[in-house]
Structure formats: structure tokens, C-alpha cells
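Visitor: Build me a structure from this.
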Amino acid sequence: MNTAQNPGKQAAAEAALEWIDDDMIVGVGTGSTVNLFIAALAARRGRIRGAVSSSEASTARLRAAGIEVLDLNSTGDLEIYVDGADEATRHGYLIKGGGGALTREKIVAAASRRFVCIVDGSKMVDVLGRFPLPIEVVPMARSYIARQITRLGGQPVWREGFVTDNGNAILDVHGLSILDPVSMERELNQLPGIVTVGLFAQRPADVVLIGDPSGLRKIVPQTDAR
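Guide: Below is the predicted model:
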């Protein structure tokens, strides 16, 4: 769906501005809902210090909007990270990586004190796994990891022709019902050759903003100041 025709995404993107204070460096994710957030953030570009981007695509959009893009190695830890998700639960557990930026997204999320996730209502699920789980892998390990995933009950599909910003491959794993996201993320992280798993469970979202035709909902799985 065209984001311009999705008022839920627009509402969630604009609502995230509540968490942006003057003089902040903002961690910015990747994807269609984040693109709307970048457009909204452009109106405040003179009030923030800049942004740390999770992808080359978002970097280009931020710069086109007149927002300075900074290096995480130079900024240190961030106050806030705003990103979307391919699936989200009420506990703040997420599947991310449909756009292929999961590794950098996970790094920026880990370096941020607060992670605000912006989604439309169609992304909310009770159990993760309906959306194929993206896993970024070192190219030489692709077949090995696919075999291990098959043994775990998943159905890995190579995202053929796609290369991440880090020069790696992605396997999209179908057929999973992820009842314990934290344990699955931990287990997959032990397989050599996996760079990043698209499960955001060990570091979940602190706030989930959900845009629906009926209005905006906010879920705060853990204590948050606002």
C-alpha cells in the first residue's frame, strides 16, 4: 500500500515526534513508516543535532531533508531510536529486516536508551512468525545456515539477488511460530555465520505506537517516562 494512502502509518510516524526533544541526536531506522517519520522530522531539523541512520537508504532521505547524518562511533550512546517493524507483539517483541537493514537497525537499537517502534495495526500479532524471519548471513555460510534452520523446523529461502549494506546475504525463514522469541534469538545467535537475526526480543521496543483507522494506540511493555 502506498504510504500516502495509509493514515495508520502516518499517524504513528507523526506521534513519534513526542519523544524527540531539542538538541537530541535521533537514531533513525529504515522502511516505509520511517520514511514518513523522516518527512515529519524534517520540520524540526533546526532543533535537533542530527541523526544516526540504520541504512544507506535512510541516510539519503535524511540528507535530502536537510538533516545531518552522524557516525555512531562519534556520537556514543543515543537517547532515542525510532524504527518500524514487520511484526510486533504487545510485549514489544519484533520481527524486522524485511528491508534488509536488520544488522544496522539492531546496532542502533542496542545503543539507544529508548526504542520507539512505529507501525500500523496490520503489523500487530499475538505470536511472531507469520512474516518470514530475516537472517543476515556471511555469504559462505548461507547453505550451512539454511541446513541448520531446516533442522530447527524452519523453511529458509535465500533472498536471491539481494545484498545487504554490509555485503552479506539474507535468508527469509518461513513456517515458524515463535512462542519464545528471546530463547530463539539467543539460540540462533550461536550459529557461526549468522551476522544478525531479525528477532528484536533481547532488546525489545520500549514503546509501540500503533496507527489504526480508528486512531492511535500506545503500548508501553516496560516502564517509560512518557
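
Visitor: For the rest of this, base every contact and every neighbour count on C-alpha atoms.
Guide: Will do.

Visitor: any low-confidence regions in the chain?
Guide: Low-confidence segments of the chain (pLDDT under 70): 1-5, 223-226.

Visitor: Run through who's touching the longest strand along it.
Guide: The single longest strand within the chain, with elements called by DSSP state E, is strand 112-120. Residues outside strand 112-120 that contact it (CA atoms under 8 Å, 6 or more residues apart in numbering): 8-9, 12-13, 16, 27, 33-34, 77-85, 109, 204-212.

Visitor: list the buried ones in it?
Guide: By 16 or more other CA atoms under 10 Å, the buried positions in strand 112-120 come out as 112, 114, 115, 116, 117, 118, 119, 120.

Visitor: could you point out which element follows that strand?
Guide: strand 133-137 (DSSP states H and E).

Visitor: Neighbouring strands of that following strand in the sheet, and parallel or not?
Guide: Partners of strand 133-137 in the sheet, by DSSP bridges, are strand 169-174 (antiparallel), strand 194-197 (antiparallel).

Visitor: mind listing the helices for this structure?
Guide: Using DSSP state H, the helices of the chain run over 7-15, 32-41, 56-64, 72-75, 102-110, 142-151, 181-189.

Visitor: Taking strand 112-120 as reference, get the angle to the second one.
Guide: Here the directions of helix 32-41 and strand 112-120 differ by 110 degrees (axes from the mean of the first three to the mean of the last three CA atoms, to 10 degrees).

Visitor: Can you pull the domain assignment for the protein?
Guide: 3-124+202-214, 133-196 (automatic domain parsing).

Visitor: what separates the first one from the chain centre, distance-wise?
Guide: On the basis of CA atoms, centre = their mean, to the nearest Å, domain 3-124+202-214 sits 8 Å off its chain's mean C-alpha point.

Visitor: wait, which of the helices of the chain is closest to residue 135?
Guide: helix 102-110 (8.2 Å; CA to CA).

Visitor: got the buried residues for the closest one?
Guide: Going by 16+ other CA under 10 Å, helix 102-110 has these buried residues: 102, 103, 104, 105, 106, 108, 109, 110.

Visitor: How about the fifth one: what's its closest non-neighbour residue?
Guide: Excluding its sequence neighbours, the residue lying closest to residue 106 (CA to CA, 6 or more residues apart in numbering) is residue 200, at 7.4 Å.

Visitor: Please apply the same query to the second one.
Guide: Nearest-residue entry for residue 103: residue 196, 5.5 Å, with adjacent residues in sequence omitted and distances by CA to CA, 6+ apart.

Visitor: ok, residues contacting stretch 86-93?
Guide: In contact with stretch 86-93 (CA under 8 Å, 6+ apart) are residues 94-98, 123-128, 131, 181, 199-201, 204-208, 219-221.

Visitor: returning to what we had before: please work out which of the helices of the chain is packed deepest.
Guide: helix 7-15 (a mean of 24; mean count of other CA atoms under 10 Å).

Visitor: got the contact list for that helix?
Guide: Residues contacting helix 7-15 (CA under 8 Å, 6+ apart): 3-4, 33-34, 36-37, 40, 118-121, 209-213, 215-216.

Visitor: for stretch 126-136, same thing?
Guide: Against stretch 126-136 from outside (CA under 8 Å, 6+ apart): 86-90, 94-98, 100, 102-103, 164, 168-179, 181, 194-199.
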